[in-house]
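Novice: Following is a predicted model, sequence given first.
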Amino acid sequence: MTGGGAHRDVVFTFSYETYADAVSRGMMRPPDRILQSLMTSHEVDGLLVANPFRSWQSVIARSLRGTDPELPAAPRRQLVTPVRLSRSDPLSIPRLVRAYRRYDEELRAHARRLGLRAPAVITTNPLVAAFSPMAWASTVTYFGRDDWLSYSGRRRYWPAYRLAYRWISEAEIGVAAVSQQIIDRIAPQGPHAVVPNGVEPADWAGPVPPVPDWLARIPSPRAIYVGTIDERLDTEGIAVLAAQRPHLQIVLLGPAPVTDYVAGLRAIPNVHIHPGVGRAELVAALRNCDVSLLAHRRTPLTEAMSPLKVYEYVAAGLPVVAIDLPPIHGIDPRVLIAPTTAEMAPFVDAALSLGRASDIERAEFVRRNSWSARHRVVMDLALRPALLRRGEEFSPVL
């Protein structure tokens, strides 16, 4: 986001996690990356960053500990956390709408005190986009990283998300989403763009880092899956692949919120489960493996994802074996598509034959798929003129 346009004031809101959460994970998820770009953009003047609602109790406790990170210092920049009695959103839709109108009022007051002038709002929460009026903003843009109507962990709020999608569409709010599937489910009547995930060039530059000690103890060939180990991972398919290719060492790298979910895999000798690691160690792990896996179940949630891990797999130089999901197609010729995880074995053989990509191939992929290129589209959408014809679409070359 380093274009030469006039300076604008911007408000950015997280969805259900906070700036502290983003910092703790290394600013690696798409919303975190957007905020990083906003904080370094020459086009952004004032910047208000808003966490989601938190309870008074948790805010006071964290304040006493004094461990929360602050935004990098800059004029007319502030991080705020709206508070209420309960952290959780109400299930009643009328109460939920009232809650997000209060959220809007708090942001408006903070924006006024910060001296923001008709700011552009970028929110990663569909409830903010739909139910917070933002009459004080010049434009509102919703960035959709996931299809919340397919996320079973928030099933209780599906009626609210369904209404939010409708209001976003009817209000002609701008929408940037990581996949066409999310765009289709919202059916925006205002300006919209598909902005797939990307990679940070600095993460993937230079020679291969030393192999982490824990990974060095696992023999080659290594097939790695990176990400939260939850309901998206096809554990039954992983077990089949491990049985069909006993020489293949399958590495599952990431946090497992429900440890019982992978209990059936722990007894398999060529499946290795390792907890999440820091950013540098994750990059080192990827660059010291032989093949990578997108071993998801096929569900409405995974069908709408733009899998960040696939872009990072290719940036690391690994051939990829992925299940057949719409957003996977066209990412790179080195992404081999299998019908399901249980049918991956011959595709893994082919991927191992491909070997690692050359440094020239990696560098070209990273250049084409950098976050800076992606965020140029988000910035153009967010800083659009306040009035655009219905259904106007941005068509960037990505």
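Specialist: Looks like it arrived, so ask away. Nothing here was measured: the structure is a model prediction, and the numbers come from that model.
Novice: now D184: how far from A382?
Specialist: According to C-beta to C-beta, to the nearest Å, D184 stands 21 Å off from A382. (Glycine included, C-beta is placed from N, CA and C.)
Novice: likewise S86?
Specialist: S86 is 31 Å from A382, where distance means C-beta to C-beta.
Novice: So for the two, which sits in the more crowded spot?
Specialist: Per other C-beta atoms under 10 Å, whichever of S86 and A382 has more neighbours is A382, with 28 against 12.
Novice: Remind me what the least confident helix or strand in the chain by mean pLDDT packs against, helices and strands.
Specialist: Per-element confidence for the chain was summarised using mean pLDDT, DSSP states H and E. The lowest value among helices and strands belongs to helix 56-65, with a mean of 80. In terms of contacts (3 or more C-beta pairs under 8 Å, 6 or more residues apart in numbering; DSSP states H and E), helix 56-65 is packed against strand 83-84.
Novice: same thing but at 10 Å, please
Specialist: Contact here means 3 or more C-beta pairs under 10 Å, 6 or more residues apart in numbering; DSSP states H and E; on that basis helix 56-65 packs against strand 54-55, strand 83-84.
Novice: what about these, which gets the closest to L265?
Specialist: Closest of these to L265 is strand 54-55, at 35.5 Å (criterion: C-beta to C-beta).
Novice: So which elements touch the closest one?
Specialist: Counting by 3+ C-beta pairs under 10 Å, 6+ apart, the packing neighbours recorded for strand 54-55 are helix 56-65, strand 83-84.
Novice: Show me what the mean pLDDT comes to for that strand.
Specialist: Over the span of strand 54-55, the pLDDT mean works out to 92.
Novice: ok, now stretch 82-100?
Specialist: Predicted confidence along stretch 82-100 averages 94 (mean pLDDT).
Novice: which parts of that stretch are buried?
Specialist: P82, V83, R84, D89, L96, V97, A99, Y100 (16 or more other C-beta atoms under 10 Å).
Novice: Check the offset of the lengthiest helix in the chain from the chain's centre.
Specialist: Determined from DSSP state H, the single longest helix within the chain is helix 93-114. Taking C-alpha atoms, centre = their mean, to the nearest Å, the mean C-alpha location of helix 93-114 is offset from the chain mean by 25 Å.
Novice: Past it, which element shows up next along the chain?
Specialist: Next helix or strand after helix 93-114 toward the C-terminus (DSSP states H and E): strand 120-123.
Novice: For the helix or strand just after that following strand, output the C-alpha coordinates as CSV.
Specialist: Sequence order places helix 126-131 as the next helix or strand after strand 120-123, per DSSP H and E. Provided in CSV are the C-alpha atoms of helix 126-131 (Å, rounded to 0.1, in the frame of the first residue of the first chain):
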residue,chain,number,x,y,z
PRO,A,126,-19.4,-9.0,9.2
LEU,A,127,-21.5,-7.9,12.2
VAL,A,128,-19.7,-4.6,12.4
ALA,A,129,-20.1,-4.1,8.7
ALA,A,130,-23.8,-4.8,8.8
PHE,A,131,-25.0,-3.5,12.1
